[in-house]
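Asker: fold the stuff below for me.
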Amino acid sequence: MAKRGALVGLDIGTTKVCVIVAEQSEDGEVHITGMGTSPSVGVRKGVVVDLDATTRAIEEAVDKAERMAGLRLSAAVVGVSGGHLASQNSRGVVAVSRADHEIGEQDVARAVEAARMAAVPASDREIVHLLPRDFIVDGQDGVKSPAGMYGTRLEVEAHIVTGASTLLANLLKCVLRAGLECEALVLEALASGEAVLSPAERELGVALVDIGGGTISLGIFAGGGLCYTAVLPYGGNHVTNDIAMGLRTSFGDAERLKIRHGCALPRQVGEDELIEVVHVGSHELRVAPKRALSEIIEPRISEIAGLVKAQCGRSGWGYRIPAGLVVTGGTALLRGLPDLVSERLGTAVRVGVPEVPGSMADTVSSPAFATGVGLVLHAVRQRRVGRGLNGNGTVYGRVRQWLREFTLGA
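Answerer: Here you go, the predicted structure:
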């Protein structure tokens, strides 16, 4: 990186590409120094469908971020999403190797490797994350750092996220063609969680719902770590499509109406409030009740809330979220959405907004930038715990090395 602590997060979403540039000060604080965004037209439901268009969008966003930060960017931590992602929990068990039964780092690594081997993905899938959640020493659970303790048997419970090899390779190919090295692939739900969840929520149990343009990333955190992951092929674009059809306007005008006047609860809209709608195929303006717009939005948000509730139930971890739901992503800006989701799910719901210090804090203080900010915060956390982003011995390194070979090989 250009200077100590400098990090770059690259969020390649369905509606926008976002680049966040940050630096870490000597005291550990993360300060945003640059940001760039561009429309994303080559990604559908979190998956690259047009290599050239996605590459151009990345280049445009990178150029804007470089101008603002005054740095030449060469590498980035890249967010990954899409319905091809899957997760499972796995357990690894090993005997402590030392004669005096003191647990060493090598024992910890062997236990994590045993968990990985117990959940070997299919040949067409690659491990994106292997996240140790909890260690058990001689039957005693709740151990976070077993190295240095005494025991004869070491177990680890790990959360493993995998993705389709070819789809991951397409994503990385766009990044490489845009002139960036991929330092790490990071699950978007994990990144967003870094930006908007408090340590208390992670420990108590909380569901993070990141509603983007084409996908919903669901992550359930409990006991301080991620324990369930799912990506649903729904998002804010579905709301926009409903508005376009219901009001007979173009997708672009429907998006503007959603952002400026949208509300998920019709009762929060006055009966006498009006909006101007451009009829599709012409420049003719007509007046419509704003409540009609809200009545189009409400059923889709209710459906999304129902899908999230069903997914939490299927996860087996639904009972472990006493802290409720935290919704983030661009669609979380929709007025009335937290209230409606809270009503449908019967639990507390708040909007997650990234909070970082520095002069640019206000620029990124929006749910729409949760993933981008979270990507750099995740990288900082890995550095603090001594897990490099580049080494081929790490999960990140193995995935990146495989993808480089897949993409650039003869």
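
Asker: give me the pLDDT for residue 27.
Answerer: pLDDT, residue 27: 73.

Asker: residue 40 versus residue 78, what's the distance?
Answerer: Per Cβ to Cβ, to the nearest Å, residue 78 is found 14 Å from residue 40. (C-beta placed from N, C-alpha, C; glycine too.)

Asker: residues shared between the contacts of those two?
Answerer: Taking Cβ atoms under 8 Å, 6 or more residues apart in numbering as the criterion, residue 78 and residue 40 both touch residue 12.

Asker: comparing the two, which residue is more hemmed in?
Answerer: Each of residue 78 and residue 40 has its neighbours counted (other Cβ atoms under 10 Å); residue 78 has more, 27 against 24.

Asker: give me the low-pLDDT residue ranges for the stretch 251-400 of the chain?
Answerer: Low-confidence segments of the stretch 251-400 of the chain (pLDDT under 70): 383-400.

Asker: and the helices in it, which stretches?
Answerer: Using DSSP state H, counting those that start in this stretch, the helices assigned to the stretch 251-400 of the chain run over residues 251-261, 290-315, 337-345, 361-364, 370-384, 395-408.

Asker: quick one: the shortest one to chain centroid distance?
Answerer: So the one you mean is helix 361-364. 19 Å (Cα atoms, centre = their mean, to the nearest Å).

Asker: which of the helices of the stretch 251-400 of the chain sits closest to residue 117?
Answerer: Of all the helices of the stretch 251-400 of the chain, helix 395-408 sits nearest to residue 117, with 13.1 Å by Cβ to Cβ.

Asker: state the helix or strand in which residue 90 lies.
Answerer: strand 86-95 (DSSP states H and E).

Asker: could you give the mean pLDDT of that strand?
Answerer: The predicted model gives strand 86-95 an average pLDDT of 94.

Asker: so which elements touch that strand?
Answerer: Packing partners of strand 86-95 (3 or more Cβ pairs under 8 Å, 6 or more residues apart in numbering; DSSP states H and E): helix 105-117, strand 153-164, strand 225-232.

Asker: Serialize these to JSON lines and add fields for mean neighbour count and mean pLDDT.
Answerer: Output for the helices and strands packed on strand 86-95, formatted as JSON lines (neighbours: other Cβ atoms under 10 Å; pLDDT from 0 to 100):
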{"stretch": "helix 105-117", "mean neighbour count": "17", "mean pLDDT": "93"}
{"stretch": "strand 153-164", "mean neighbour count": "22", "mean pLDDT": "94"}
{"stretch": "strand 225-232", "mean neighbour count": "22", "mean pLDDT": "94"}
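
Asker: nearest to residue 343, of these?
Answerer: Here strand 225-232 is closest among those (Cβ to Cβ), at 19.8 Å.

Asker: can you name every helix or strand that the closest one contacts?
Answerer: Going by 3+ Cβ pairs under 8 Å, 6+ apart, strand 225-232 lies up against strand 86-95, strand 125-137, strand 153-164, helix 188-196, strand 216-222, helix 290-315.

Asker: just the ones you listed: most buried one?
Answerer: Across the helices and strands packed on strand 225-232, averaging neighbours per residue (mean count of other Cβ atoms under 10 Å) puts helix 188-196 on top, at a mean of 28.

Asker: list the contacts of that helix.
Answerer: Residues from elsewhere that reach helix 188-196, judged by Cβ under 8 Å, 6+ apart: 9, 11, 46, 79-81, 129, 131, 202, 208, 210, 212, 217-219, 221, 226, 229, 231, 326, 328-329, 352-354, 367, 370-371, 373-375, 377-378, 381.

Asker: by how many degrees do it and strand 216-222 diverge?
Answerer: 60 degrees (axes from the mean of the first three to the mean of the last three Cα atoms, to 10 degrees).

Asker: what angle sits between helix 188-196 and strand 86-95?
Answerer: For helix 188-196 against strand 86-95, the angle by the same axes, to 10 degrees is 80 degrees.

Asker: next secondary structure after helix 188-196?
Answerer: helix 199-204.

Asker: chain center to whichever helix or strand comes after that next one, what's the gap?
Answerer: Remark: after helix 199-204, the chain's next helix or strand is strand 206-211, criterion DSSP H and E. Centroid separation for strand 206-211 versus its chain: 9 Å, with Cα atoms, centre = their mean.

Asker: partner strands of strand 206-211 and their direction?
Answerer: Here strand 206-211 has these sheet partners by DSSP bridges: strand 216-222 (antiparallel), strand 325-328 (parallel).

Asker: picking up where we left off before, residue 261 is nearest to which of the helices and strands packed on strand 225-232?
Answerer: Among those, helix 290-315 comes nearest to residue 261, with 5.6 Å by Cβ to Cβ.

Asker: so what angle separates the directions of the closest one and strand 216-222?
Answerer: Here the directions of helix 290-315 and strand 216-222 differ by 50 degrees (the same axes, to 10 degrees).

Asker: check which helices and strands helix 290-315 sits against.
Answerer: On a contact count with 3+ Cβ pairs under 8 Å, 6+ apart, helix 290-315 meets strand 206-211, strand 216-222, strand 225-232, helix 236-247, helix 251-261, strand 274-278, helix 337-345.

Asker: and those, which is most packed in?
Answerer: It is strand 206-211: most buried of those by mean count of other Cβ under 10 Å, with a mean of 28.

Asker: got the CA coordinates for that strand in PDB?
Answerer: What follows is strand 206-211, C-alpha atoms only, in PDB (Å, rounded to 0.1, in the frame of the first residue of the first chain):
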ATOM      1  CA  VAL A 206     -28.400 -10.000  15.800                       C
ATOM      2  CA  ALA A 207     -29.500 -10.400  12.200                       C
ATOM      3  CA  LEU A 208     -27.900  -8.100   9.600                       C
ATOM      4  CA  VAL A 209     -30.000  -7.500   6.500                       C
ATOM      5  CA  ASP A 210     -28.200  -5.600   3.800                       C
ATOM      6  CA  ILE A 211     -30.700  -4.700   1.100                       C
END
